[in-house]
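Chemist: kindly generate the corresponding structure for this input.
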Amino acid sequence: MDIQKLANATMNFDQSAIDGKINSIRYRVNKLENHVKTAWLVKAIGFIDLTTLGGDDTPSKIETLCTKAVNPLKLPSNSHLHTASVYVYPMRFVDAMSILEKLDKEHKISRATVGGGFPSGQFPLETRLREVEIGVELGADEIDIVINRPLALMQQWKELYEELKSFRVACGNKCLKVILATGELGNLENVYKSSMIAMMAGADFIKTSTGKEAINATLSAGVIMCQAIKDYYESTQRKVGLKPAGGIKDPQEALEWMMLVEMELGEEWLSKDLFRIGASNLLDNIVEAIQSN
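Modeler: Numbers count the residues shown, from 1 in each chain. Predicted structure coming up:
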């Protein structure tokens, strides 16, 4: 794929068509029978990247998070239901590792952290890369980094590509999730092009948001990111995952994102290798919904 050709391309996304897809997603979710919704919500638990990224994170808070991740429904200890990962800041990563070594001896749950100047990306490239290297040294399975949004806003696509290639190298063979911060990209064309650049640079997942922006995960951005994933797959035969994150709290929203993926990318994308939901409060609300049915 050619970066210059992508940079010069003019794209006019039809908002009414996007809205039509979103209405269809919501209609289909609302038509699901209760037992099907419950089954989907149980499946959704396995897609959750259970996250705490607060300035007040303490070892005890991390322990609570990890305990929920390992056995969210408080089932017998041989239950296979757990979240996909646990995400914490690098300063709390050793705490998470220590707790999960006791609770998750088979390493079913990915140990994950953030880097790359999260959440703003407004730091020198040298320090942003070093954060990723530290995550790898700590033993992270997955690392989420955020793009330098001004490069997208100023249409400096080659520069963005080169930065993200550097992150790919720093991340080694670990899972690299690239956060686009779609709410700060200005328009859907920038969302599409940022998605493509991230995938071309080697991202394993593209992610909507950090959760710290004024506008976080929206289905409109999700539709465009799915289109980019489809186009990239058709061109390269490499499957890249999607991770909505930021403000996703309601079980209905989780179901809508799952329906979006099924409709736009196909059922094969509804696996934890290709779909995640980044969330901190969603899990408790899903558990409550499952237990009330």
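Chemist: got the end-to-end distance for stretch 165-179?
Modeler: 14 Å (CA to CA, to the nearest Å).
Chemist: avg pLDDT for that stretch?
Modeler: What stretch 165-179 shows for mean pLDDT is 98.
Chemist: low-confidence stretches in this protein?
Modeler: Applying pLDDT under 70 to the chain flags residues 77-78.
Chemist: that one: helices as residue ranges?
Modeler: Applying DSSP state H to the chain gives helices spanning 3-8, 15-31, 34-45, 59-70, 93-103, 125-138, 149-153, 157-171, 188-200, 219-236, 251-264, 282-292.
Chemist: and those helices, which is most packed in?
Modeler: helix 188-200 (a mean of 24; mean count of other CB atoms under 10 Å). Yep, even glycine has a C-beta here, placed from its N, CA and C like the rest.
Chemist: now do that helix: distance to the chain's middle.
Modeler: 15 Å (CA atoms, centre = their mean, to the nearest Å).
Chemist: relative to helix 15-31, how tilted is it?
Modeler: Put simply, helix 188-200 runs at 70 degrees to helix 15-31, going by axes from the mean of the first three to the mean of the last three CA atoms, to 10 degrees.
Chemist: CA atoms only: put helix 188-200 into PDB for me.
Modeler: Listed next in PDB are the C-alpha coordinates belonging to helix 188-200 (Å, rounded to 0.1, in the frame of the first residue of the first chain):
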ATOM      1  CA  LEU A 188     -14.000  10.800   9.500                       C
ATOM      2  CA  GLU A 189     -11.400  11.100   6.700                       C
ATOM      3  CA  ASN A 190      -8.700  11.500   9.300                       C
ATOM      4  CA  VAL A 191     -10.100   8.500  11.200                       C
ATOM      5  CA  TYR A 192      -9.900   6.400   8.100                       C
ATOM      6  CA  LYS A 193      -6.400   7.500   7.100                       C
ATOM      7  CA  SER A 194      -5.000   7.200  10.700                       C
ATOM      8  CA  SER A 195      -6.500   3.700  10.800                       C
ATOM      9  CA  MET A 196      -4.700   2.700   7.600                       C
ATOM     10  CA  ILE A 197      -1.400   4.300   8.600                       C
ATOM     11  CA  ALA A 198      -1.500   2.500  11.900                       C
ATOM     12  CA  MET A 199      -2.100  -0.900  10.200                       C
ATOM     13  CA  MET A 200       0.500  -0.200   7.600                       C
END
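Chemist: related to what we said a few turns ago, next, format the helices of the chain as TSV and append distance to residue 111.
Modeler: Formatted as TSV, the helices of the chain follow (distance: least, CB to CB, whole Å):
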stretch	distance to residue 111
helix 3-8	33
helix 15-31	32
helix 34-45	18
helix 59-70	10
helix 93-103	6
helix 125-138	8
helix 149-153	27
helix 157-171	14
helix 188-200	23
helix 219-236	25
helix 251-264	23
helix 282-292	17
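Chemist: quick one, which of these gets closest to residue 83.
Modeler: helix 59-70 (4.3 Å; CB to CB).
Chemist: which strands or helices does that closest one pack on?
Modeler: On a contact count with 3 or more CB pairs under 8 Å, 6 or more residues apart in numbering; DSSP states H and E, helix 59-70 meets strand 48-51, strand 85-88, helix 93-103.
Chemist: what is the orientation angle of that helix with helix 282-292?
Modeler: 50 degrees.
Chemist: just the C-alphas of helix 59-70, formatted as CSV.
Modeler: Coordinates of each C-alpha in helix 59-70 appear next as CSV, following Å, rounded to 0.1, in the frame of the first residue of the first chain:
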residue,chain,number,x,y,z
PRO,A,59,-2.0,-2.1,45.0
SER,A,60,-5.3,-2.8,46.7
LYS,A,61,-7.2,-1.3,43.8
ILE,A,62,-5.2,-3.5,41.4
GLU,A,63,-5.9,-6.6,43.5
THR,A,64,-9.7,-5.9,43.3
LEU,A,65,-9.4,-5.4,39.5
CYS,A,66,-7.4,-8.6,39.0
THR,A,67,-9.8,-10.6,41.2
LYS,A,68,-12.7,-9.5,39.0
ALA,A,69,-10.8,-10.3,35.8
VAL,A,70,-10.1,-13.8,36.9
